[in-house]
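>>> Using only what follows, build the 3D model:
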Amino acid sequence: MPKPRYAQISLEATPYYHCISRCVRRAFLCGTDIATGECYEHRRQWLEDRLLELADIFAIDICSYAIMSNHYHVVLHVNRAQADLWSLHDVIHQWHQLFNGSALSQAYVAGKAQGKTELDTLTEQVSVWRERLVDISWFMRVLNEDIARQANHEDNCTGRFWEGRYKSQALLDEAALAACMAYVDLNPIRAAMAKTPETSDHTSIKRRISVALKSQHPNYKNQQTHHLFPFVGNPRKDMPDGLPFKLNDYIELVEWTGKHIRNDKRGAIDKNLPPILQRLNFEVDNWFYLTQHFESKLKGLVGSVFKLKQACYKLGYQRLVGKQSCEQYFP
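Below you'll find the predicted structure:
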């Protein structure tokens, strides 16, 4: 029996999560339906636009994404610190971009005078909204409902468009984060939808590469695409907020891995490992296997056994979930 969502997410264990949503009823998110010949390619842009838009509303950052024919992948970073810094006004502004709010919040925005009782009630409401703005389930709910509504209108039908429950994986350490992001970014290459990362439409890696090519210092945080969670370099003292790798190193890693996937030959592997793999002490065979089977081989909690034990303790699990796979693939 699947665990409830609250029992799978612990921000104390990790702020990084891989989420996957799939369509039902033979519905196509995008691409061309082989059975009918109908083209739905434009829906990819719907989803990409809304995904990036929601990242500016929620205190949730997008690390990587890939939009496929009947499903999509996204790696999210829950930015609790950002949400805690929001004032009452900030939270109301963010929430009103999604919903109408309440009569009290509308009156507050309009500048109408409010007594202590009204302000206390509004503060309680804002507290609830603040929690929802760092909640992955609310993020996925808003995203999927918007796309489902548009697709159902276009298809002139009603009912479910997505599977009722999105899948999620908690990424407990840097090795799990790097492998999952590469797995997501390489989805179009594995599916033979693209030959290179820079030609993989509607993916985070293409967006990152296109901006990096125009930048004099692509590893600088302020010269990367503002739509995505930035790369800020290897872990160090006074580490800024961002992904713990260099952008150039990550792009090199994805391109290197993609070449191997296309060649599918052990002899095609370079002797010099990319810097990220060297730092994480990743075995090459394990890396290539995970970047092709991350979702199917690994379940809810992903990372080293040490991190797995910590996460299970914080979540109140009675046993180590997925210990065998984590022990096999992660240093």
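>>> where does this structure dip in pLDDT?
1-10, 25-28, 31, 262-271 (pLDDT under 70).
>>> isn't residue 308 right next to residue 320, touching?
Yes - the pair residue 308 / residue 320 is scored as a contact, 5.8 Å apart, by Cβ atoms under 8 Å. From N, CA and C alone the C-beta is placed, and that goes for glycine too.
>>> More neighbours: which of those two?
residue 308 (26 against 16; other Cβ atoms under 10 Å).
>>> so the more buried one is in which element?
Secondary structure from DSSP states H and E places residue 308 in helix 305-315.
>>> Same check on residue 66?
Residue 66 belongs to strand 60-67, assigned by DSSP H and E.
>>> Quick one: distance of that strand to the chain centre.
4 Å (Cα atoms, centre = their mean, to the nearest Å).
>>> Show me what that strand is packed against.
On a contact count with 3 or more Cβ pairs under 8 Å, 6 or more residues apart in numbering; DSSP states H and E, strand 60-67 meets helix 42-55, strand 71-78, helix 174-185, helix 204-212.
>>> hmm, who's touching that strand?
The contact list for strand 60-67 (Cβ atoms under 8 Å, 6 or more residues apart in numbering) reads 16, 29-30, 44, 47-48, 51-52, 54-55, 72-79, 133-134, 136, 139, 177, 180-181, 184-185, 187-188, 200, 202-205, 227-229, 243.
>>> Export only the CA atoms of it, formatted as CSV.
C-alpha atoms of strand 60-67 as CSV (Å, rounded to 0.1, in the frame of the first residue of the first chain):
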residue,chain,number,x,y,z
ILE,A,60,10.0,26.0,-4.8
ASP,A,61,12.9,26.0,-7.3
ILE,A,62,13.2,23.9,-10.5
CYS,A,63,16.5,22.0,-10.8
SER,A,64,15.7,20.1,-14.0
TYR,A,65,12.7,19.0,-16.1
ALA,A,66,11.8,17.1,-19.2
ILE,A,67,8.5,17.1,-20.9
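>>> excluding its backbone neighbours, what's nearest the spatially most central residue of the chain?
The centre of the chain sits closest to residue 75, judged by Cα atoms, centre = their mean, with a distance of 2.0 Å. Of all residues not flanking residue 75 in the chain, residue 63 sits nearest, at 4.1 Å (Cβ to Cβ, 6 or more residues apart in numbering).
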